[in-house]
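Asker: Sharing a model that was predicted from the sequence below.
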Amino acid sequence: MAKLIYDIITVGGGLAGSALGKAMAERGARVLVLERERQFKDRVRGEQMSPWGVAEARELGIYELLRDACGHEVRWWQTYLGGTALELQDCVAESVQHAPQFGFYHPAMQEALLQAAANAGADVRRGLAVRNVKPGEPPSVLVEEDGRTEEFRARLLIGADGRTSMVRKWAGFSVHQDPPQRLIAGVLFNDMVALPDDTAHFQIDPGLGQVVLLFPLGQRRARAYLGWYQHMSPSRLQGLDDLPRFIKESIRTGTPADYYSGAKAAGPLATFDSADTWVEHPYRAGVALIGDAASSNDPCFGQGLSLTVRSVRVLRDQLLDNGDWDAAGHAYAAAQDHDYGVIHRVTQWEGQMLYEPGPEADARRAKALPLIAQDKTRMLGHLLSGPDLPADDSVRRRFFGEQ
């Protein structure tokens, strides 16, 4: 017999699941957070949050907690296109939210937020396996721990189990995916002495179809990424034996070799497909998807963490404002469709302008970039300031220099 003792059950205790668990438990909801890992370890993932995500994290009451526990603020963003340094961006001055970029070591963030959820009154259970989810009134989740199975029901069940979510499969959601295009590899470095601690380095070489991001995490630590078009260099970088090639290709893209001098890998090197995946209307029959389970944007644009905290904040607000949680779930899903839709559309435009190789793309840049240099309002501000900015066809035409 399933137990109905919770208002909310989150499957996944990462950023999305723990943040929602904390937010709702501290407002009196009975929350269960289910996390399979007993101890978090480093994996390659996004660790850079845009200013609009920082504003969402502040609204959720987790920003100061993370900043003090494991976070690092980055004010400046320096972009290089080919061999040309574009304008150094002051994220605080230029974002609508007047906030910095923000980074953190992922395992430390997870531990801090899970503990915060527990401190707020959530029941946190780790080291168990979720075996099934059943939508309905109420939805239920089947878990296994030490050979024993147990079933729980709740008013609302949350899939916060990432871009390969099993919850969305069990709950019957259809997943959409862009065609494969780019790959992205990442690794954590210690002793990255030459990289400025307050500036993200973003290097793009459209001729190679490659992009490099170095994002400082404080104390001479940085997460390094290399993205490339599959058809131009299909070989993946996997394991630390490939680290010399990762560094060589990053330098070939234009990043100063000095940045890697003396740097030491502090975690695994891995490559992932970067195509967007998403669910249209990520709520049905008592099950809501949040974070990467709802939508995963191409990590070459660094919007994943911001989209995650946005989805948590919007769902929290809908649940607090509406006693009918089914209606709240549908309202959340409609908002999520809009927010992700804007970011998806804008990052496709950005990719066509900045990343795409070939003569057509070169002609596109030759037409648009001089106009943008003359009038900065032509540039898209969404990657700093988020999906509340307009993103209609007139914005696209101005960006591409078509009007």
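Answerer: Here it is on my side, so go on.
Asker: For the helix ranked longest in the chain, buried residues please.
Answerer: Determined from DSSP state H, the single longest helix within the chain is helix 325-350. Neighbour-count burial for helix 325-350, counted by 16 or more other Cβ atoms under 10 Å, picks out 325, 328-333, 335-337, 339-340, 342-350. C-beta: built from backbone N, CA, C; applies to glycine.
Asker: and stretch 93-111, C-alpha only, in CSV?
Answerer: Output of stretch 93-111 as CSV, limited to C-alpha atoms (Å, rounded to 0.1, in the frame of the first residue of the first chain):
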residue,chain,number,x,y,z
ALA,A,93,26.6,47.1,-15.8
GLU,A,94,25.3,45.5,-19.0
SER,A,95,22.8,43.0,-17.7
VAL,A,96,19.2,44.0,-16.9
GLN,A,97,19.6,42.5,-13.4
HIS,A,98,22.9,44.3,-12.7
ALA,A,99,24.4,41.0,-11.5
PRO,A,100,27.7,39.2,-12.1
GLN,A,101,28.3,35.8,-13.7
PHE,A,102,28.5,33.1,-11.0
GLY,A,103,30.3,29.8,-10.8
PHE,A,104,30.6,27.0,-8.3
TYR,A,105,32.1,23.5,-7.9
HIS,A,106,29.1,21.3,-8.6
PRO,A,107,29.6,18.6,-5.9
ALA,A,108,30.0,21.4,-3.2
MET,A,109,26.8,23.1,-4.5
GLN,A,110,24.8,19.9,-4.3
GLU,A,111,25.9,19.2,-0.7
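Asker: any idea how far it is from the chain center?
Answerer: 11 Å (Cα atoms, centre = their mean, to the nearest Å).
Asker: need the helices for the stretch 1-150 of the chain, in chain order.
Answerer: Using DSSP state H, counting those that start in this stretch, the helices of the stretch 1-150 of the chain run over 15-25, 51-60, 63-69, 91-94, 106-119.
Asker: Sheet-wise, list the partners of the lowest-mean-pLDDT helix or strand in the chain with their directions.
Answerer: The weakest-scoring helix or strand in the chain, judged by mean pLDDT, DSSP states H and E, is strand 84-85 (a mean of 86). Here strand 84-85 is paired, per DSSP bridges, with strand 76-81 (antiparallel).
Asker: Quick one: residues contacting the residue nearest to the spatial centre of the chain.
Answerer: For the chain, residue 304 is the residue whose C-alpha lies nearest the centre (Cα atoms, centre = their mean; 1.6 Å). Residue 304 sits next to 46, 292, 296-297 when contact means Cβ atoms under 8 Å, 6 or more residues apart in numbering.
Asker: can I assume residue 101 is in contact with residue 47?
Answerer: No - Residue 101 lies out of contact with residue 47 (Cβ atoms under 8 Å); the separation is 10.7 Å.
Asker: Just want to know which of those two has more residues nearby.
Answerer: More neighbours surround residue 101 than the other of residue 101 and residue 47, with 27 against 23 (other Cβ atoms under 10 Å).
Asker: before we move on, the earlier item: highest average neighbour count across the helices of the stretch 1-150 of the chain?
Answerer: Across those, averaging neighbours per residue (mean count of other Cβ atoms under 10 Å) puts helix 15-25 on top, at a mean of 29.
Asker: what angle do that one and helix 106-119 make?
Answerer: If you take axes from the mean of the first three to the mean of the last three Cα atoms, to 10 degrees, helix 15-25 sits at 20 degrees to helix 106-119.
Asker: how far off helix 51-60 does helix 15-25 point, in degrees?
Answerer: Using the same axes, to 10 degrees: helix 15-25 against helix 51-60 is 30 degrees.
Asker: Name the surrounding residues that touch helix 15-25.
Answerer: Residues from elsewhere that reach helix 15-25 (Cβ under 8 Å, 6+ apart): 7-8, 10-11, 13, 31, 33-35, 60-62, 109-110, 113-114, 116-117, 120-122, 124, 158, 160-161, 290-293, 305, 308-309, 311-313, 315-316, 319.
Asker: Sitting in strands, which of the residues you listed do you find?
Answerer: Judged by DSSP state E, strands contain the following of the contacts of helix 15-25: 7-8, 10-11, 31, 33-35, 124, 158.
Asker: Now tabulate these in JSON lines and tack on pLDDT and distance to residue 146.
Answerer: Formatted as JSON lines, the ones in strands among the contacts of helix 15-25 follow (pLDDT from 0 to 100; distance: Cβ to Cβ, whole Å):
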{"residue": "7", "pLDDT": "97", "distance to residue 146": "26"}
{"residue": "8", "pLDDT": "98", "distance to residue 146": "25"}
{"residue": "10", "pLDDT": "98", "distance to residue 146": "21"}
{"residue": "11", "pLDDT": "98", "distance to residue 146": "19"}
{"residue": "31", "pLDDT": "98", "distance to residue 146": "23"}
{"residue": "33", "pLDDT": "98", "distance to residue 146": "19"}
{"residue": "34", "pLDDT": "98", "distance to residue 146": "15"}
{"residue": "35", "pLDDT": "96", "distance to residue 146": "16"}
{"residue": "124", "pLDDT": "97", "distance to residue 146": "17"}
{"residue": "158", "pLDDT": "98", "distance to residue 146": "24"}
